[in-house]
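1. quick one: sequence plus predicted model below, questions after.
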Amino acid sequence: VCAVLCVLCCVCCAVCVCCVCALHQIHPTRSDNVANFIDKHAGALLSPPFDKERFYDLRPFTTYRFKVKGTGFRHAACDVVIAGLGWVSLTGSGPCEIEVSVPEGVSVHMRDPLLPFVHSKGKTAKFTGKR
């Protein structure tokens, strides 16, 4: 399962904690770069599928939009669950709108956070863009 999650607008900072299988890779990029990133890396860095043409067979994508009201940085506001992939726990302060795009037929929904304090306890890895 592949998914694209974009934070569309957020008054304050938002922190996304991704809870997925260790075999999955997360590829952070700016939301205005998603289409270019997919075109450049489909079938290689973004796999499976292992062939660029097969990646486009996953289309059409269905897009879900969620509005979240952050409760601060000590408690996650919600989880966005992506069937077959895992969930993303959203932490932040103030209103935020996110968009999730998945292949047609993949279920996406929002729930109360399963691990509401995981970010505040320093149990998360930080993406810095460097190795």
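-> Ah, there it is.
2. so for the longest strand seen in the chain, what's the average pLDDT?
-> With secondary structure taken from DSSP state E, the chain has its longest strand at strand 86-103. Strand 86-103 carries an average pLDDT of 85.
3. again, but for stretch 65-81
-> Regarding stretch 65-81, the rounded mean pLDDT is 86.
4. can you get me a residue count around Ala22?
-> 5 (other Cβ atoms under 10 Å). Where you see a C-beta, it was placed from the backbone N, CA and C, and this is true even at glycine.
5. ok, back up a step: now do the buried residues in the longest strand of the chain.
-> Neighbour-count burial for strand 86-103 flags 86-93, 96, 98, 100-102 (criterion: 16 or more other Cβ atoms under 10 Å).
6. dump these to a markdown table, plus distance to Ala35.
-> Output for those, formatted as a markdown table (distance: Cβ to Cβ, whole Å):
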| residue | distance to Ala35 |
| --- | --- |
| Gly86 | 24 |
| Trp87 | 25 |
| Val88 | 20 |
| Ser89 | 26 |
| Leu90 | 23 |
| Thr91 | 27 |
| Gly92 | 25 |
| Ser93 | 30 |
| Cys96 | 22 |
| Ile98 | 18 |
| Val100 | 16 |
| Ser101 | 11 |
| Val102 | 16 |
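7. what's the farthest-apart pair in those?
-> Using Cβ to Cβ, those span at most 27.3 Å, a distance reached by Ser93 and Val102.
8. in its sheet, which strands sit next to the helix or strand hosting Asp79, and in what direction?
-> Element membership for Asp79, per DSSP states H and E: strand 78-82. Paired strands of strand 78-82, with direction, are strand 86-103 (antiparallel), strand 108-111 (antiparallel) (DSSP bridges).
9. got the buried residues for the shortest one?
-> Same thing as strand 108-111. Neighbour-count burial for strand 108-111 [16+ other Cβ under 10 Å]: 108, 110.
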